[in-house]
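1. 3D, please:
(2 chains)
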Number of protein chains: 2
Amino acid sequence: MLVVGGGVIGLGVAWRTAQRGLSVTVLDPAPGQGANQVAAGMLAPVTELQYGEEELLRLGIASNQRYAAFAAELTEATGLSTGYRVCGTLATALDADDRAELRELYAFQQRLGLDVSWLTGRECRKLEPMLAPSVQGGLLVTGDHQVDGRRLGAALVEACLRAGVRIHRSRAARVTTRQDRATGALAEGGAVLTADQTVLAAGCWSGEIPGLPPEARLPVRPVKGQILRLRMTSAFGVPFLSRNLRAVVRGCHLYLVPREDGELVVGATMEEQGFDTTVTAGGVYELLRDAHELVPGITELPLVETGAGLRPGTPDNAPLLGPTALPGLVAATGHHRNGVLLTPVTADAVAAYLATGNLPPEAAPFAPTRFDRHSALSEASL
Amino acid sequence: MLVVGGGVIGLGVAWRTAQRGLSVTVLDPAPGQGANQVAAGMLAPVTELQYGEEELLRLGIASNQRYAAFAAELTEATGLSTGYRVCGTLATALDADDRAELRELYAFQQRLGLDVSWLTGRECRKLEPMLAPSVQGGLLVTGDHQVDGRRLGAALVEACLRAGVRIHRSRAARVTTRQDRATGALAEGGAVLTADQTVLAAGCWSGEIPGLPPEARLPVRPVKGQILRLRMTSAFGVPFLSRNLRAVVRGCHLYLVPREDGELVVGATMEEQGFDTTVTAGGVYELLRDAHELVPGITELPLVETGAGLRPGTPDNAPLLGPTALPGLVAATGHHRNGVLLTPVTADAVAAYLATGNLPPEAAPFAPTRFDRHSALSEASL
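-> The predicted structure is shown next:
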């Protein structure tokens, strides 16, 4: 079994697959150093909910429900913390328009039977005293938590090594095929890695990897996100923030993720800029402006780091899980904004497929071939 | 001769003094790495002008007039560029209030016989097409240029070494005295450096250095400045900006200094925070907000670096030059926002004093003892 890509998705799949007794190699020049290095690590399927994405919501909730056990198992296996924190999320509205939109989301969440409560602005500020006085109300979701994407990556590398996964530290030059079947990958440097099943978990590069026939190419594109890391100081009393905060400011989705170690992650822009990871004046400006509007006191906090990463975007914002059009090639990619959240459920589902040949039902809606069918249907109807 | 502090001021003094044949040692753990590392390097005495600071203006103009030759001599001596760039400065007004204030400054500059021209908003944008449409007018000062503070520091270190200056790479533990006279300094690590004359050029730390009797303590305090470095790309056509830009935005002095190598420096906050050099979310936010208001296109530029430095502030914003109340102790400090600009004139004046015992007339208004007299007068008039 070969996993091309050692981000949290690839490592999670490798770990779970090795636990099932299969022989696994991960091909990655820098395992654990994928988009998780930039991700905020918010585990927020309910507040992330968009209309028309109920199937993705179900997958996210399934993964979120496994997170406590997944993180505990990782820590037990490695001695490393993942930064998993049970804290809940407060999604806030800064003006009357935001409030109306958030009320609609609330109604939708209630129809779906989700555990959310509506709070007045005053109730929001009681929970989070640093919130701006302009906050009009909010949704409290007690089940949306957080994990530290960097710690998670490091723990998964260690867990893989302890479970017997081989890590080949090199870039994949291409996927290799023979007689219309994937046979592994050629590593830069020349090593040939052969495998019965090759898992493509190369994040935003999954759509670009050479060697695949056109029909097996995955519709994955990079979606740039810029993110800031601040440090919460004790100047305002402790704690500065106690839970994840979200808001939609001028149409941009803003979130603040306060970690127990004092880091405060502020994210994130959504930009279609190809493979560019430049931190721009405008990206940093917009994040600071919006965060300042939501939590004015952030101005006093040290700005420790700026960064940009690339989400693996797909046409419907949902991941690609399971067998592809090319026999022997299995997808575990396209997780867009939800890679960290969806790591446990992806790892379980793809490992189950590799071991048994059957994809668990929660992953069934995310077949990599769904766009082919759609495109065929569209053409037929023209 | 001992110079305590190897920023651009201390190095300039040391270089000029060694050129006069005196034996010079500079005491600094990291020579060339002072506030010049953070400074924008705008050489702008005319646009920096404040009411009541005519003497400082004269000193600034004197230094500015020497800069081309000073930079050329440094480059000839070392082979290193200083980034000196003849470009001029455009001071702009973003609204009617700014415009009224800038018109007053213009009238004042004209009374002083300075070479400035008033431009309409349209004329400003013709010179600098990236300027915001809201720019109401501006002052063009063709004599206000720029230098690269980092390159200047590196060139001065090299020039000092080539001129025979000894550099003792250690921090000054204290100034040493005997019988009411400065006798040199004790370095951390224990080295005793004795000297006839000890020049205190320790920037913002000049007011804190141990070993001085109270009457010789200099009234220097740190004034924090945060600054950004962007990179000008060719996305908008070349050049992005052609000259230094200034504006007063919401009472904050903003400047953009475009270097020939593509770096664009955006500065600077003015903060009374003691010796804190934390880069804060608020500092970066305000600089980006104000710069974006003046030049909207900056949002597309990479944000390469954020930083904070400490200016050596004094009660009247002017430097302390020449003999202090303690015989044997000479000041070359307190240059506040103008350290890079005032390096040539300070170096010349203090070297002349060290070699001849006479301070040149342009430096006379900046005696370190002026606050003692002032304070005595104030007390007498009470």
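2. Pull the contacting residues for whichever residue of the stretch 51-200 of chain A sits closest to chain B.
-> Closest to chain B within the stretch 51-200 of chain A is A:Met130: 12.8 Å, counting by Cβ to the nearest Cβ. Where you see a C-beta, it was placed from the backbone N, CA and C, and this is true even at glycine. Shown in contact with A:Met130 (Cβ atoms under 8 Å, 6 or more residues apart in numbering or on different chains): A:236, A:240-241, A:295-297.
3. Model confidence score at it, please.
-> With respect to pLDDT, A:Met130 scores 94.
4. Kindly report the same for A:Ala159.
-> Among the per-residue scores, A:Ala159 shows a pLDDT of 98.
5. my read: it touches A:Leu74, true?
-> Yes - judged on Cβ atoms under 8 Å, A:Ala159 makes contact with A:Leu74 at a distance of 5.5 Å.
6. if we can go back for a sec, and of the contacts of A:Met130, the nearest to A:Val116?
-> Nearest to A:Val116 among these is A:Leu241, at 19.3 Å by Cβ to Cβ.
7. Next up, the contacts around the residue nearest to the closest one when sequence neighbours are not counted.
-> Spatially, and ignoring its direct neighbours in sequence, A:Leu241 is nearest to A:Pro258 (4.0 Å; Cβ to Cβ, 6 or more residues apart in numbering or on different chains). When the contact criterion is Cβ under 8 Å, 6+ apart, the partners of A:Pro258 are A:87, A:232, A:239-244, A:264.
8. what do you get if the cut-off is 7 Å, keeping everything else the same?
-> Listed by Cβ atoms under 7 Å, 6 or more residues apart in numbering or on different chains, the contact set of A:Pro258 reads A:232, A:240-241, A:264.
9. same deal with A:Gly203?
-> So A:Gly203 contacts A:5, A:7, A:34-35, A:312, A:333 (Cβ under 7 Å, 6+ apart).
10. re the thing from before, in a helix, that's where the residue of the stretch 51-200 of chain A closest to chain B is, yeah?
-> No - the assignment for A:Met130, made by DSSP: H, G, I helix; E, B strand; the rest coil, is coil rather than a helix.
11. State the distance from it to B:Val199.
-> 48 Å (Cβ to Cβ, to the nearest Å).
12. Kindly report the same for A:Asn338.
-> Taking Cβ to Cβ, one finds A:Asn338 at 62 Å from B:Val199.
13. the helices in the stretch 1-150 of chain A, which residues?
-> Counting by DSSP state H, counting those that start in this stretch, the stretch 1-150 of chain A has helices at residues A:8-19, A:54-78, A:96-111, A:121-127, A:149-162.
14. Dump those helices into JSON lines; add distance to chain B and mean neighbour count as well.
-> Putting these into JSON lines (distance: least, Cβ to the nearest Cβ, whole Å; neighbours: other Cβ atoms under 10 Å in any protein chain shown) gives the following:
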{"stretch": "helix A:8-19", "distance to chain B": "27", "mean neighbour count": "29"}
{"stretch": "helix A:54-78", "distance to chain B": "29", "mean neighbour count": "18"}
{"stretch": "helix A:96-111", "distance to chain B": "21", "mean neighbour count": "14"}
{"stretch": "helix A:121-127", "distance to chain B": "20", "mean neighbour count": "16"}
{"stretch": "helix A:149-162", "distance to chain B": "20", "mean neighbour count": "23"}
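15. Any chance of a markdown table for those, columns distance to B:Asp348?
-> Shown next, in a markdown table, are these (distance: least, Cβ to Cβ, whole Å):
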| stretch | distance to B:Asp348 |
| --- | --- |
| helix A:8-19 | 61 |
| helix A:54-78 | 64 |
| helix A:96-111 | 61 |
| helix A:121-127 | 60 |
| helix A:149-162 | 53 |
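16. rank these by pLDDT, which is bottom?
-> helix A:96-111 (a mean of 90).
17. what residues does that one touch?
-> Residues contacting helix A:96-111 (Cβ under 7 Å, 6+ apart): A:46, A:49, A:51, A:91, A:93, A:116, A:118, A:136-137, A:139, A:248.
18. From these, list just the buried residues.
-> Among these, those scoring as buried are A:46, A:49, A:91, A:93, A:116, A:136-137, A:139, A:248 (criterion: 16 or more other Cβ atoms under 10 Å in any protein chain shown).
19. Narrow those residues to those in strands?
-> Counting by DSSP state E, the part of those found in strands is A:91, A:93, A:137, A:139, A:248.
20. So which residues on chain A come close to chain B?
-> Within chain A, the residues that sit near chain B (Cβ under 7 Å from any Cβ of the partner chain) are A:230, A:278-282, A:284-285, A:288-289, A:292, A:298-303, A:306.
21. Write the PyMOL selection for whichever of those are buried.
-> This is the PyMOL syntax for the buried subset of the residues of chain A next to chain B, where burial follows 16+ other Cβ under 10 Å:
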select buried, chain A and resi 230+278+279+280+281+282+284+285+288+289+292+298+299+300+301+302+303+306
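22. what packs against the helix or strand containing A:Ala355?
-> Assigning secondary structure by DSSP states H and E places A:Ala355 in helix A:343-356. In terms of contacts (3 or more Cβ pairs under 7 Å, 6 or more residues apart in numbering or on different chains; DSSP states H and E), helix A:343-356 is packed against helix A:8-19, helix A:54-78, strand A:320-323, strand A:329-333.
23. Return the subset of the contacts of A:Pro258 lying in strands.
-> Per DSSP E, the contacts of A:Pro258 map to strands at A:Leu264.
24. closest to B:Pro327 among the contacts of A:Pro258?
-> The nearest one, if we look at the contacts of A:Pro258 relative to B:Pro327 and count by Cβ to Cβ, is A:Met232, at 50.9 Å.
25. Hmm, the closest one is touching A:Val266, no?
-> No - counting by Cβ atoms under 7 Å, A:Met232 stays clear of A:Val266, with 11.4 Å between them.
26. Look at those two and report which has more neighbours.
-> Each of A:Met232 and A:Val266 has its neighbours counted (other Cβ atoms under 10 Å in any protein chain shown); A:Val266 has more, 28 against 22.
27. which residues does the more buried one contact?
-> A:Val266 touches A:227-228, A:230, A:256, A:287, A:291, counting by Cβ under 7 Å, 6+ apart.
28. dump the residue contacts of the residue nearest to the spatial centre of chain A.
-> Among the residues of chain A, the one closest to the centroid is A:Gly339, at 2.1 Å (Cα atoms, centre = their mean). Listed by Cβ under 7 Å, 6+ apart, the contact set of A:Gly339 reads A:8-9, A:35-36, A:39.
29. tell me the two of these that are most distant?
-> A:Ile9 and A:Ala39 (11.5 Å).
30. wait, which of the contacts of A:Pro258 is closest to B:His168?
-> Ranked by distance to B:His168 (Cβ to Cβ), the contacts of A:Pro258 are led by A:Met232 at 41.1 Å.
31. if I pick the closest one, what's in contact with it?
-> With Cβ under 7 Å, 6+ apart, A:Met232 has these contacts: A:240, A:258, A:262, A:264, A:301.
32. Go again with 8 Å.
-> A:239-241, A:258, A:262-264, A:301.
33. ok, of the residues you listed, which come out buried?
-> A:240-241, A:258, A:262-264, A:301.
34. how about TSV for those residues, with distance to A:Arg103 added?
-> Converted to TSV, the buried ones among the contacts of A:Met232 look like this (distance: Cβ to Cβ, whole Å):
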residue	distance to A:Arg103
A:Phe240	28
A:Leu241	24
A:Pro258	26
A:Gly262	34
A:Glu263	32
A:Leu264	28
A:Leu301	31
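35. Pick out whichever of those residues sits closest to chain B.
-> Once Cβ to the nearest Cβ is applied, the member of these that ends up nearest chain B is A:Leu301, at 5.1 Å.
36. Which residue is the nearest non-sequential neighbour of the closest one?
-> A:Leu230 (4.3 Å).
37. Please tell me I have it right and the one you found contacts A:Val304.
-> Yes - in this structure, A:Leu230 is within contact of A:Val304 by Cβ under 8 Å, at 6.3 Å.
38. Can you check which residues contact both of these two?
-> A:Glu263.
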